[in-house]
Every structure is written in structure tokens, then in C-alpha cells.
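> only the shape, not the letters, is given here:
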């Protein structure tokens, strides 16, 4: 019977090589019995093979979980990149400004926008630079202030 101390190499010129061999002997994993033959037929597993199959199932479930997390991350990244090509990003400022004029039209007989009407257009200018530029260059939004 070998103990840990019996595996320690004696000092000498080849001590490093001996130490590597000893550490391999200590850290060597016991190979589980092969279960691949069970995948191809209907043979029931032996008692010693059941824990091996269960461990493999756990490993596969873990891989699936990791892949699902990766799928979520990649999907988010994909959506972010797809949004760059969104047609709404390419709407000309003038068209966008014209659309803004329909958001809060003047009431009948109204010559000056009320505070609520002005607030709508100020909020529009906070969305992004394109919307701010569109709101600022659309004079119909600001007449009568």
C-alpha cells in the first residue's frame, strides 16, 4: 500500500521528473465505465453505470443552461445591432417634424399654444438628437409661443 509520503521522490538530479510522475499518480482520475453502448440499444444499465449516466445527464443539463444564457446575451446583442438599421432612424427631419405637428394641434381659435402644448414639444426634443433637431427646425411647432 502506498501512502502520500512514499510517492515523494527522493532528492536528486531527476527529482522534478519523479515529482511529476508522483503527482500524476495521486491526481489520476478513475475512468468511469463506458456507457456509449447503452445509447445504441435497449440494454438496461448496470448498477455501477447508473451514477455515470446520472452525472452525464447533469453535465448535459449544465451545458444547456449555459447555452441558454449565452443565447439570451447574443439575442440582446443582435437586437441592439438590428436597431441600428431600423427605418425610423432614417426618417428625414422634415418628415419627422411634420409628424410632430399632429401631436398637439392648435385648438379652434387658439393663437398661442398653452403650457401643456409647449411641454409636449419640449419632451420630444429630449428623445434624441434627431428628434431635437426635427422639433427645432419645424417652425409650426413654435409659432404662437
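Perfect, I can see it now. Being a predicted model, the structure only gives us computed values, none of them experimental. Numbering: from 1, shown residues only.
> going forward, measure contacts and count neighbours with C-alpha atoms only.
Noted.
> how is the chain divided into domains?
Following the assignment in automatic domain parsing, the chain carries domains at 1-30, 31-85, 90-142.
> got any ranges where the chain has weak pLDDT?
Within the chain, the ranges that satisfy pLDDT under 70 run 1-33, 104-117, 144-145.
> in it, which spans are helices?
If DSSP state H is used as the criterion, the helices of the chain fall at 4-7, 15-27, 36-39, 50-84, 93-101, 115-124, 129-137, 139-142.
> which of those helices is buried the deepest?
Per-stretch averages of neighbours, counted by mean count of other C-alpha atoms under 10 Å, single out helix 129-137 among the helices of the chain, with a mean of 18.
> what is that one packed up against?
Helix 129-137 makes packing contacts with helix 93-101, helix 115-124 when contacts are defined by 3 or more C-alpha pairs under 8 Å, 6 or more residues apart in numbering; DSSP states H and E.
> how many neighbours does residue 90 have?
Residue crowding around residue 90 was assessed by other C-alpha atoms under 10 Å; the count is 11.
> and it, how far from residue 44?
With the distance defined as C-alpha to C-alpha, to the nearest Å, residue 90 ends up 63 Å from residue 44.
> with residue 73 instead?
40 Å.
> try residue 60
From residue 60 across to residue 44, the span is 20 Å (C-alpha to C-alpha).
> how about residue 119?
If you measure residue 119 against residue 44 using C-alpha to C-alpha, the figure is 74 Å.
> do the same with residue 61
With distances taken as C-alpha to C-alpha, residue 61 is found 22 Å from residue 44.
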